[in-house]
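Enquirer: Fold the following.
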Amino acid sequence: MIVEQLYTKCLAEAAYYIESDGEAAVIDPLRETEPYLEIARNNGAEIKYIFETHFHADFVSGHIDLSKKTGAAIVYGPTANPGFEAITAKDNQEFKIGSATIRVIHTPGHTQESTTYLLIDENGKETALFTGDTLFLGDVGRPDLAVKTDLSQEDLAKMLFDSLRNRIMKFDDDIIIYPGHGAGSACGKNMSSETIGTLGEQKQTNYALRADMTKEEFVKEVTEGILPPPQYFPKNAVMNKMGYDSFDEVLSKGSRALSLDEFKEEVSNGALILDVRNQNDFVKGFIPNSLFIGLNGTFAMWVGALIEDINQPIVLITPEGKEEEAVTRLSRVGYDNAVGYLDGGVMTWAEAGGELNTITNISAADLAEKHGDVEVVDVRKPGEYESEHVVDAIHYPLDYMNDDLNKLDKDKTYNVHCAGGYRSVIAISLLMQNGYKHLINVLGGFGAMKETNIPKTNYVCPTELK
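Expert: Numbers count the residues shown, from 1 in each chain. All right, here's what the predicted structure looks like:
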């Protein structure tokens, strides 16, 4: 029997390939199908089932395309009722994969249809639980992402408590836990950087599995401090439930090389210029009105958080050879309307006499010498800011910047920083799109600033803006 985890850091997402005696199953596949097809081809195996733990909100799954290419049946747990042909399994229903068995365990709470899959090996031993977003390492799934339900997050949290206590925690401590996500995902609050563990370890270390925890305590702790989900989450959940366009067609359309005239025409017709190069290259010169989100960071998550219209036409500025990767990673979060990339990129634009904008950098050491005489803007997440921040820094988290793009004075100069320098350039590009001109990027972000004598505090006292 083979169990292979395919972990994608950009989304902090884990898909799984299971094989026994020439038959295979895939659990929670990403949008692109080739990785799963390649494993099956190399092993001479046939993909028989595609199991989905729930209607994912943070990415678009590849279940429909993979089913079309293999003939494999799509399986959801009880109450799912997707808008395409699939098996809506009963609780405890079993599916054979060669000599192995996968049993359906309905574990509602993260969503109503959330399901855990138990793997029973060829010898009849219960070996692993594929827990999706029900149980993570270090955390449990947030109970506020269900699609079109009248249930409150407190109602779902109570369901989750029962699912964990009455279903998952009943298994032996040595059973392996294969979660749907790791650290960095917005589907939980306190996930471990580890991606494989055991149930026994989780009983010892996971706050939500404490033996003496009451249901009321669980509901309070699980729902406390939940930040609003990124705006693309409900849109992805609907795509997963109702269906979507073929990935191959999306990739073909988005990977088209555009001449400069074609590029300009697309922009004049409303296409967004998305520059996915490294931030160090972007600041040296970029096409005016470009939004920067680099492929070298958590690209898909920031695309989903900041580009509000999931159907927005997009033209790409990419590093050479990264065109298909950019389109693929856009499609993972449902942005299927990339219409091509500028052939030759920024160089083509500049050689034709096009204007390029730049961003000024400042070192952390130079900023420290000016503290008290300059404005500092911190675009990190609330938890990062609350942990420690520069005295008098204005907190303007990138996650929610679109909610109020007029928070700052457009006539003032601001020194913008994040933790390391990736998010600050995203923020500056977004603000420049909206009329800001006097923005300086702090190189190395707060990580570099911590090494200076610039005054810092962990007391939450955000600067009030008039």
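
Enquirer: Which segments of the protein make up each domain?
Expert: Domain ranges of the chain: 2-235, 245-351, 360-457, per automatic domain parsing.

Enquirer: what about the first one, average pLDDT?
Expert: It refers to domain 2-235. For domain 2-235, mean pLDDT rounds to 95.

Enquirer: before we move on, back to that, mind giving me CSV with the domains of the chain and columns for mean neighbour count?
Expert: All C-beta spots, glycine's among them, are computed from the backbone N, C-alpha and C. Formatted as CSV, the domains of the chain follow (neighbours: other C-beta atoms under 10 Å):
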stretch, mean neighbour count
domain 2-235, 19
domain 245-351, 19
domain 360-457, 18
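
Enquirer: quick one: the strands in the stretch 351-466 of the chain?
Expert: Along the stretch 351-466 of the chain, counting by DSSP state E, counting those that start in this stretch, strands occupy 360-362, 375-378, 389-390, 394-395, 414-417, 439-442, 456-457.

Enquirer: Would you state the helices of the stretch 201-350 of the chain in chain order?
Expert: 215-223, 233-242, 247-254, 260-268, 279-282, 299-306, 323-331, 345-351 (DSSP state H, counting those that start in this stretch).

Enquirer: re the thing from before, between the strands of the stretch 351-466 of the chain, which one is closest to Thr149.
Expert: Evaluated over the strands of the stretch 351-466 of the chain, closeness to Thr149 peaks at strand 394-395, with 32.9 Å, by C-beta to C-beta.

Enquirer: correct me, but Ala45 touches Gly22?
Expert: Yes. With contact defined as C-beta atoms under 8 Å, Ala45 reaches Gly22; the gap is 5.1 Å.

Enquirer: Enumerate every residue touching the nearest residue to Leu295 once chain neighbours are set aside.
Expert: In space, and not counting its chain neighbours, Leu295 is closest to Val276: 4.8 Å by C-beta to C-beta, 6 or more residues apart in numbering. By C-beta atoms under 8 Å, 6 or more residues apart in numbering, the contact set of Val276 is 292-295, 299, 316-319, 322, 326.

Enquirer: May I ask which two of the residues you listed are separated the most?
Expert: The most widely separated members of the contacts of Val276, counting by C-beta to C-beta, are Phe292 and Lys322 (14.3 Å).

Enquirer: so what secondary structure elements neighbour the helix ranked longest in the chain?
Expert: Counting residues, the longest helix in the chain under DSSP state H turns out to be helix 153-166. Using 3 or more C-beta pairs under 8 Å, 6 or more residues apart in numbering; DSSP states H and E, the elements in contact with helix 153-166 are helix 215-223.

Enquirer: For Ile394, which of the helices of the stretch 201-350 of the chain is the nearest?
Expert: helix 299-306 (19.2 Å).

Enquirer: which residues touch the closest one?
Expert: The contact list for helix 299-306 (C-beta under 8 Å, 6+ apart) reads 10-11, 58-59, 184, 186, 230-233, 236, 274, 276, 291, 293, 329-330, 332-335, 398-399, 401-402, 423, 426, 430.

Enquirer: returning to what we had before: closest to Gly71 among the contacts of Val276?
Expert: Nearest member of the contacts of Val276 to Gly71, counting by C-beta to C-beta, is Ala326, at 30.7 Å.

Enquirer: Hmm, Gly345 and the closest one touching each other?
Expert: No. Using C-beta under 8 Å, Ala326 is not in contact with Gly345, being 11.7 Å away.

Enquirer: Quickly list what's touching both of those two.
Expert: Counting by C-beta under 8 Å, 6+ apart, the common neighbours of Ala326 and Gly345 are Thr318.

Enquirer: in the stretch 251-400 of the chain, what spans have low per-residue confidence?
Expert: Within the stretch 251-400 of the chain, not a single segment meets pLDDT under 70.

Enquirer: which ones are touching Glu94?
Expert: Counted by C-beta under 8 Å, 6+ apart, Glu94 has contacts 101-104.

Enquirer: would JSON lines of the residues you listed with distance to Ile87 be doable?
Expert: JSON lines is the format used below for the contacts of Glu94 (distance: C-beta to C-beta, whole Å):
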{"residue": "Thr101", "distance to Ile87": "15"}
{"residue": "Ile102", "distance to Ile87": "12"}
{"residue": "Arg103", "distance to Ile87": "14"}
{"residue": "Val104", "distance to Ile87": "10"}
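
Enquirer: Let me see the ranges of the strands in the stretch 1-150 of the chain.
Expert: Listed in chain order, the strands found in the stretch 1-150 of the chain under DSSP E, counting those that start in this stretch are 2-8, 13-20, 23-27, 46-51, 73-76, 87-88, 94-97, 100-106, 115-120, 126-132.

Enquirer: Out of the ones you listed, which is closest to Ile196?
Expert: Comparing those by their distance to Ile196 (C-beta to C-beta), the top pick is strand 2-8, with 6.7 Å.

Enquirer: now for that closest one, which elements pack on it?
Expert: strand 13-20, helix 34-43.

Enquirer: at 7 Å what do you get?
Expert: Counting contacts by 3 or more C-beta pairs under 7 Å, 6 or more residues apart in numbering; DSSP states H and E, strand 2-8 is packed against strand 13-20.

Enquirer: I'd like the distance from the strand it packs on to the chain centre, please.
Expert: In terms of C-alpha atoms, centre = their mean, to the nearest Å, the centre of strand 13-20 is set 19 Å apart from its chain centre.

Enquirer: Equivalent analysis for stretch 358-376, please.
Expert: Relative to its parent chain, stretch 358-376 has a centroid offset of 31 Å by C-alpha atoms, centre = their mean.

Enquirer: what's it in contact with?
Expert: The contact list for stretch 358-376 (C-beta atoms under 7 Å, 6 or more residues apart in numbering) reads 283-285, 390, 392-394, 412-415, 417, 425, 428, 439-444, 448-449, 451-455.

Enquirer: check contacts around the nearest residue to Val442 once chain neighbours are set aside.
Expert: Distances taken as C-beta to C-beta, 6+ apart place His417 nearest to Val442, at 3.7 Å, with adjacent residues excluded. Each residue near His417 by C-beta under 7 Å, 6+ apart is listed here: 376, 378, 424, 442, 445-446, 449.
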